[in-house]
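Engineer: Let me see the structure of the following:
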Amino acid sequence: MSRQVNRDLFYKLTSDLSDERVQSAIALITELNELAVEENAKEWEYVLGRLVRGLASSNKSARLGFSLCLTEVAAAALEKGLIGSANEYLERLEGALPVDKVKNGKEERGQLFGRMFGLQAMLNEPLFSRVFVTADGQIQQDFALLFMQRLVQLALMKAWLRQPCLFTLYQVIERLAPRATDAEFLRAVLTLLDEHSLTHTSEGLAVYLFLQNQCPETKRLLEETKIFDSLALVKRWKGDNPLAKGNAKALASVLKDDALTEGDGSKQKGVWTPRLHFVWDLLLPLLVTEKALPDSHAHVSKKRKTGKKTKSVESGMLSFAEFWQVVVDESFFSEKASSERKYLGILIMEKAVNCVPSSVVQEIFSKNALRTLINQSSETTRHLHKLSVNFLKTVVTVCEMDAAKLVPVLSAIWFGPNGTINFDKLTKSKTADSLVTAKSLTATELAHFVILLLQQLEDEDTDMPKIKFILDTLLHIVRAHKWKAHSSWTNPLLLALVRYSFFSAPNHLAQKSEEITTLSRERLFSVLGELIPLSKHDMDAPSWAYAALELLLEEKEKQPLAVQLDAELETVTSHALEILQKIIQKSAKAPNENPQLFGLELLLAVSILQVHAGDVDSASTLEELTSFYESAAQGADNGLVGITEILLSLVAQKKSMLRKLTLVVWESFIDKVGRDELDLLLNTLSARENKAGFAQLFEGADEYEELSSDEAGTDNENHSSQSGQESSDESSEQEENYSDEDVAKIDKEATSALAHALRLPDNIVDEDGNVGFEEMDDEEEEEESMDDEAMMQLDGQLSEIFKRRKDALNKIPTGNQRKIEAKESRDSVIAFKHRVVDMLEIYCRNVERSVNKNKKLSVTMSANMLSMTEPMVKAIQQTVDRPLAEKISKLLKNNICKMKPAAYKDFSNEISKESVLSSLESVHSAILSPKPGQFPQIFFSACSSTSLFLSKVLIAMKDDPSTSEQLIDMYSTTMKHWNASGKFGPNFFIDFINWLASKKSKN
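Structural biologist: Numbering: from 1, shown residues only. Here you go, the predicted model:
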């Protein structure tokens, strides 16, 4: 009795869910195998026919499901004898899917695709091994040739069938080729391609590349049998090898799909698809393995580029550079190329940058390709903008994974024949910047990178913008990779900067020598500013500043300085160098034991560099440092006030390097810092943030201390919003007064000079500069007549007088100039205070480390920490800079006020209770001030924390009722004033009460 399979399974084969398709295919095959062919032949025929017809469905999922199931059913039918042979399967396929009786294009498309899927089903196991391979493992050549002919015929029917069908053809050849034992199979394949004019197509190229290069068996057969000599091919590659020289233009034509294919007497062209042809996966790797690749950093040595021929040139094979220029750059990226072709070109670039080695990766960025990339990525409205941006991101990703490609890529996009240093600006991306900062760069790659830049620096064609770009990039490299600092790349970098900073520029840059010197010095000190902080982690080795100084001294022996030092400076620097050598020797004998020596080494090395850079003031610093060292070497304990003053003078300068140097040196001396040094720092915080404060800190001008009420009003504009407009008016009036006084003085001097030139009496000009004509005697009115020579001389004198008057008037600062100067002064003072607070923070961290290490706070440190509270509270009140106020407040709360008050219990004899009480009273007085400053909330919060901390210290020093009563009385008095006129909130008192309650509960 005949049975049938579940018909619902056919429906499930069309499911969009792959798991459901697989499960239904398994169920269908299982049910079918349970049916005997003899009794259920019709059911087998039905299933086989329905699966074949289902391949013509327009549903993609249906084609996948039916194709999957068809392979197993066809294999079973062959095994059970339902299908006599593989040839019969092909006949059934064509019979079930006829194309001569279709009614419309859609139906024809379905039938043709069904045939293609039916053929592709034969490539799956177990059907493939049954129909293509004999029992002894040989190729079924008759059927294989028939199958390939059917595929080619199908491919030539419609343009949109060509690529998928010919890809299937390639898959067949790829799987059968390793089984080829004689030349017959190869002869049949090559003849088939030639007969249908497929040799010069992308698929034909792929077949040739595979047979000649990828498959060892066919490669050997082709070499041994010389098949090409016996084949009368209509169209062939030059040398019968697509990669041979002379095939570049043919390859370009083929890969652009310009080759025409004849089929049924009509000409066809391939259909454009937004994806790369599979031939590129074969072609690009072969182009770079066919040649003897040069060193991955061939750009380092220009001689190597022309000195030897590569293996590909000698063997007559096409090099990657030649291929890329003709096939890709001039074809896919030509000016006349369509957007579709350029689209594929960018995909080729993306594939190439992934697969080619570092030695040829720069060839990818050719003239037309780079132009297209820049144009498309610069504007969002461009058709290929998104693709171009994605390619640039791919370049960064690839270079991060393979750091060897990074330097060649940067060399190409910056300095190549088609590159530009403005690449990032033109593409509106951060491609080059991301490459420079890539974390995968090793010391070796960084060395190659630096050498590349230095070679460009020495190029005679290098102009000033390029020099600036290179110097900036060198600094960028150091900033990005300073933690990988190694002599292999830092020494060449420092040496180049030293040469351009202190010695004469090369001849081709002589005209810009001064500008280059200034720029190089700035970059040198910026580089040292990045490297110097690293030196503290390795104090047993000479610092980076000393390394730069050594390079300077070595070069000094080879060539003269651009600006020679005078005899006095030479003496000072020579003496400092002697001291520096002694310090280096001592540090080498006992590394890390004396950090103060390391600090002195840094100061001396940098100061000597500064002297050579023309900073004469550094000479006095050198004298102070040498004097300090010599007195310390003799056992004298002079303290660190002198060193602290030097550090403050350095931190006051605008150079970032000096500020960083100051902090590193200060940290090296931090264990020896005492009350005097801290007071020196704290006193600077009281400086006013205006011109007067600037003069007090940096010029030592006492006359600025006494300000007129108007000028004080100008400064108070920053401290009190209530008097802002009034102060502004007074300031403007005062500026006008200053201007009037200056003009009157200049006019008086000019009038006196004119009177003298005209030979008028001395008393004719009064104290105010007015001329008294009425007081002239009659005799004086009778002047002698001047001759022509005297008149000419007088004319010159008058011109000189008026010129001096004009110059003097121009030097009088205008209102805007004064405002700019005032702002610069304020900014300088604020920046200086920031650095001072950084130094105080370093001291506080050192105290914390000492406590953690020794489990105890020393009396000196305890007293020092207490002494910092009052000046810092006042600094918050006085400053006009919020970040500074927040920084000081944070230091107070998180470092000073976090100290354990119990530690002060043991220091009641050394630290007087009266001094702590005085500081506490000062804080209470400050919080009651009618002018809490620009940032009252920060100020009030700092006062509250400081007051509570000092209260806890007092209780810790003497925990008795009288101390508690003193504190309560003080808070009560403050509360009375607060109730009357206080501007702060109740938290000041609530915090104190909560602490008292907590203390009471513990007792």
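
Engineer: hang on, Leu647 packs against Val664?
Structural biologist: No: between Leu647 and Val664 there is no contact under CB atoms under 8 Å: 10.2 Å. C-beta: built from backbone N, CA, C; applies to glycine.

Engineer: Those two: which has the busier surroundings?
Structural biologist: Leu647 (26 against 20; other CB atoms under 10 Å).

Engineer: List the residues that contact Lys556.
Structural biologist: For Lys556, the contact set (CB atoms under 8 Å, 6 or more residues apart in numbering) comprises Phe502.

Engineer: Do a quick rundown of the strands in the protein.
Structural biologist: Per DSSP state E, the chain carries strands over the ranges 261-263, 266-268.

Engineer: mean pLDDT for these: which is lowest?
Structural biologist: Mean pLDDT is lowest for strand 261-263 among these, at a mean of 39.

Engineer: gap between the residue nearest to Tyr170 when sequence neighbours are not counted and Leu193?
Structural biologist: In space, and not counting its chain neighbours, Tyr170 is closest to Ala206: 5.4 Å by CB to CB, 6 or more residues apart in numbering. Distance of Ala206 to Leu193, computed by CB to CB, to the nearest Å: 11 Å.

Engineer: Next one: Leu146 from Pro961, what distance?
Structural biologist: Separation of Leu146 from Pro961 (CB to CB): 114 Å.

Engineer: When the two are compared, which one has more neighbours?
Structural biologist: More neighbours surround Leu146 than the other of Leu146 and Pro961, with 14 against 7 (other CB under 10 Å).

Engineer: and that one, what is it in contact with?
Structural biologist: Applying CB under 8 Å, 6+ apart, the residues near Leu146 are Asn87, Leu90.

Engineer: That one and Ala74, how far apart?
Structural biologist: 16 Å.

Engineer: And Gly599, by the same measure?
Structural biologist: Distance of Gly599 to Ala74, computed by CB to CB: 86 Å.

Engineer: Also Leu387?
Structural biologist: Applying CB to CB to Leu387 and Ala74 gives a distance of 42 Å.

Engineer: List of residues touching stretch 932-939?
Structural biologist: When contacts are defined by CB under 8 Å, 6+ apart, stretch 932-939 is touched by residues 718-719, 873, 876-880, 882, 885-886, 889, 927, 940, 983-984.

Engineer: Next: stretch 279-292.
Structural biologist: Stretch 279-292 is contacted by residues 202-203, 205-206, 209-210, 213-214, 243, 255, 310-313, 317-320, 323, 348, 351-352, 355-357, 360 when judged by CB under 8 Å, 6+ apart.

Engineer: hmm, which of the residues you listed are the buried ones?
Structural biologist: The neighbour-count test (16 or more other CB atoms under 10 Å) marks 202-203, 205-206, 209-210, 213, 243, 255, 310, 312, 317-320, 323, 348, 351-352, 356-357, 360 as buried among the contacts of stretch 279-292.

Engineer: Does Leu198 touch Cys165 like I think?
Structural biologist: No: counting by CB under 8 Å, Leu198 does not reach Cys165; the two are 10.9 Å apart.

Engineer: Mutual contacts of these two, please.
Structural biologist: Val152.

Engineer: for the protein, what's the longest helix?
Structural biologist: Taking DSSP state H as the criterion, the chain has its longest helix at helix 815-854.

Engineer: Please identify the buried residues of it?
Structural biologist: Across helix 815-854, burial judged by 16+ other CB under 10 Å covers 818, 822, 825-826, 828-844, 846-847, 850-851.

Engineer: And the helices in the stretch 601-750 of the chain, which stretches?
Structural biologist: In the stretch 601-750 of the chain, the helices defined using DSSP state H, counting those that start in this stretch lie at 617-633, 641-651, 656-668, 675-684, 691-694, 709-716, 724-757.

Engineer: Lowest average confidence across the ones you listed, which one?
Structural biologist: Sorting the helices of the stretch 601-750 of the chain by mean pLDDT places helix 709-716 lowest, at a mean of 37.

Engineer: and the nearest residue to Ser850 once chain neighbours are set aside, how many neighbours does it have?
Structural biologist: In this structure, Ser850 finds its nearest non-sequential neighbour in Met861, 6.6 Å apart by CB to CB, 6+ apart. For Met861, the neighbour count with other CB under 10 Å is 21.

Engineer: now Gly674
Structural biologist: A count of neighbours around Gly674, defined by other CB under 10 Å, yields 14.

Engineer: do Lys654 as well
Structural biologist: When neighbours are counted by other CB under 10 Å, Lys654 comes out with 8.

Engineer: contacting residues around it?
Structural biologist: For Lys654, counting by CB under 8 Å, 6+ apart, the contacting residues are Ser828.

Engineer: Please parse this protein into its domains.
Structural biologist: Following automatic domain parsing, one finds the domains of the chain at 1-132, 157-242+249-264, 272-440, 711-718+730-772+789-855, 857-1002.

Engineer: Any chance of the ones you listed in a markdown table with distance to Glu689 as columns?
Structural biologist: A markdown table is the format used below for the domains of the chain (distance: least, CB to CB, whole Å):
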| stretch | distance to Glu689 |
| --- | --- |
| domain 1-132 | 72 |
| domain 157-242+249-264 | 70 |
| domain 272-440 | 36 |
| domain 711-718+730-772+789-855 | 5 |
| domain 857-1002 | 5 |
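
Engineer: follow-up on the earlier one: tell me how far the residue nearest to Ser850 lies from Lys586.
Structural biologist: 28 Å.

Engineer: Against Gly95, how distant is Tyr89?
Structural biologist: Tyr89 is 11 Å from Gly95, by CB to CB.

Engineer: quick one: contacts for Leu494?
Structural biologist: Applying CB under 8 Å, 6+ apart to Leu494 gives the contacts Leu524, Val527, Trp544, Ala547, Ala548, Leu551.

Engineer: Pipe the residues you listed into CSV and attach distance to Thr442 and neighbour count per row.
Structural biologist: Listed next are those as CSV, based on distance: CB to CB, whole Å; neighbours: other CB atoms under 10 Å:
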residue, distance to Thr442, neighbour count
Leu524, 25, 26
Val527, 20, 24
Trp544, 20, 26
Ala547, 21, 20
Ala548, 23, 27
Leu551, 23, 19
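
Engineer: Tell me which entries of the residues you listed lie within helices.
Structural biologist: Within these, residues falling in helices by DSSP H are Leu524, Val527, Trp544, Ala547, Ala548, Leu551.

Engineer: Could you point out which residue ranges in the stretch 1-150 of the chain have low pLDDT?
Structural biologist: Counting by pLDDT under 70, the stretch 1-150 of the chain contains low-confidence ranges at 1-2.

Engineer: hang on, isn't the residue nearest to Tyr170 packed against Val254?
Structural biologist: No: assessed by CB under 8 Å, Ala206 is found out of contact with Val254, at 10.3 Å.
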